[in-house]
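[1] whatever this is, show me its structure:
(one chain, ligands or ions: 1)
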Amino acid sequence: MPHSSSIFVLGSLHYDIIVHGPGRPRKGETVTGRAWAPKCGGKGGNQAVSASRAGAPVKFIGAIGDDDFGAALAANLVANQIDTSALRIVPDENSGMSVAIFDDEGDYGAVIVSGSNLRIDLDASASVDFARDSWLVLQSEIPEHINLAGASKMRVAGGKVILNAAPARPVSQALLDQVDILVVNAIEAEMLAGVPVVESLDGALNAAKKLVERCRSVVVTAGGDGCAYADNDGHQIKMTAKDIVVASTHGAGDEFIGALAAALWQGSAIDVALARATDAAATLVSTPEHLR
Ligand SMILES: OC[C@H]1O[C@H](O)[C@H](O)[C@@H]1O
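    This is a model prediction of the structure:
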């Protein structure tokens, strides 16, 4: 494995506010919550931190506003040994942010405001030096044309591309043609496959087999059950997750993606990489937010 290669995460940074309350308020209602906590997030940021903690060198390509939230998001990347030389400050825009409201059952709903994440400028990031044996990790929280430009550039350089098509939105075939591994959950799989997907290991495998018509290889996650993989060489894997007590599922998919990318960058075979990703997500989900 050449030392010049890295994992590049091109994506979103959000300053997350996590609210724990009795549930989401209805129209016109004010409810009293139990606790709140700030957290550095965004699917891109979370995946970068996960990959770095799993032992890979990570460079982040993104954009923050010139505000305290942006400064905190950048500092969090640096604290996690992530190279921020391709992180741009957009002077006239707010940093991205998200509010997630958890109910007492541990389920949540969230609102994200993209802000500076919509202003990522790949061309202005002179320090983006994609190389052979590198991996590019993308999500669906930034404009698709930026994902497509990044994916095309990485493929030309001879590297590999992972697209976590989250949150659910349509993805063009032009982008999927540049992707080596597509990772989706059941909801995202339904949108991309155009058929209902049952959240179970068998449901995930069926969806992965269907989505291979659109992308070379596909991972469909199935929550606490694990995940399934299929590729256009006919390989299929069902990976069972270990039983855990759920503390919070917030960011579980991101932990999975980061660990998957790190394992693949380290040269692991896909079955080993999926096992590591599944374990990493289970560990995160069983760890209370304040201990992460
Ligand atoms: O996957 C969790 C992430 O999604 C949203 O982007 C939030 O910012 C949060 O950190």
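[2] contacts, neighbours, all on C-alpha from now
    Will do.
[3] quick check: pLDDT value at residue 1.
    You'll see residue 1 listed with a pLDDT of 47.
[4] actually residue 56, sorry about that
    For residue 56, the model assigns a pLDDT of 98.
[5] check which helix or strand the closest residue to it other than its chain neighbours maps to.
    Nearest residue to residue 56, sequence neighbours excluded (CA to CA, 6 or more residues apart in numbering): residue 262, at 5.3 Å. Following DSSP states H and E, one finds residue 262 within helix 252-265.
[6] kindly report the residues of the chain close to the ligand.
    The chain comes close to the ligand at residues 14, 16, 41, 42, 43, 98, 250, 251, 254, as judged by CA under 6 Å from any ligand atom.
[7] which residues touch the fifth one?
    When you say that, I think you mean residue 43. 11, 12, 13, 139, 141, 251, 254 (CA atoms under 8 Å, 6 or more residues apart in numbering).
[8] please apply the same query to the third one.
    The neighbourhood of residue 41, defined by CA under 8 Å, 6+ apart, consists of 13, 14, 15, 16, 73.
[9] from those, which land in helices?
    residue 73 (DSSP state H).
[10] can I get the contacts of residue 41 in CSV with pLDDT?
    Converted to CSV, the contacts of residue 41 look like this (pLDDT from 0 to 100):
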residue, pLDDT
13, 98
14, 98
15, 98
16, 97
73, 98
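[11] closest one to residue 241 out of the contacts of residue 41, please.
    Closest approach between the contacts of residue 41 and residue 241, by CA to CA: residue 16, at 27.1 Å.
[12] hmm, the closest one is touching residue 110, no?
    No. With contact defined as CA atoms under 8 Å, residue 16 does not reach residue 110; the gap is 9.6 Å.
[13] who has more neighbours, these two?
    residue 16 (22 against 14; other CA atoms under 10 Å).
[14] what is the more buried one paired to in the beta sheet?
    Per DSSP bridges, the residues bridged to residue 16 are residue 39, residue 98.
[15] what sits against it?
    By CA under 8 Å, 6+ apart, the neighbours of residue 16 are 38, 39, 40, 41, 42, 97, 98, 99, 100.
[16] mind redoing it with 7 Å?
    Applying CA atoms under 7 Å, 6 or more residues apart in numbering to residue 16 gives the contacts 38, 39, 40, 41, 97, 98, 99.
[17] cool, residue 206 as well?
    So residue 206 contacts nothing (CA under 7 Å, 6+ apart).
[18] look up phi and psi at it.
    Per-residue torsions, residue 206: phi -60, psi -40 (degrees, to the nearest 10).
[19] of the contacts of residue 43, which one scores lowest on pLDDT?
    Among the contacts of residue 43, residue 251 has the lowest pLDDT, at 94.
[20] ChimeraX command for the buried members of the contacts of residue 16?
    Buried residues among the contacts of residue 16 (16 or more other CA atoms under 10 Å), as a ChimeraX selection:
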select :39,40,41,97,98,99
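[21] which residues are in contact with the helix or strand just after the helix holding residue 262?
    Next helix or strand after helix 252-265 toward the C-terminus (DSSP H and E): helix 270-285. Contacts to helix 270-285, defined as CA under 7 Å, 6+ apart, come from residues 226, 239, 241, 244, 246-249, 252-253, 255-257, 259-260, 263-264.
[22] among those, which ones are buried?
    226, 239, 241, 248-249, 252-253, 255-257, 259-260, 263-264.
[23] the protein: strands as residue ranges?
    7-10, 14-20, 35-41, 58-65, 82-90, 97-102, 108-113, 135-139, 160-164, 181-184, 217-221, 226-231, 236-240 (DSSP state E).
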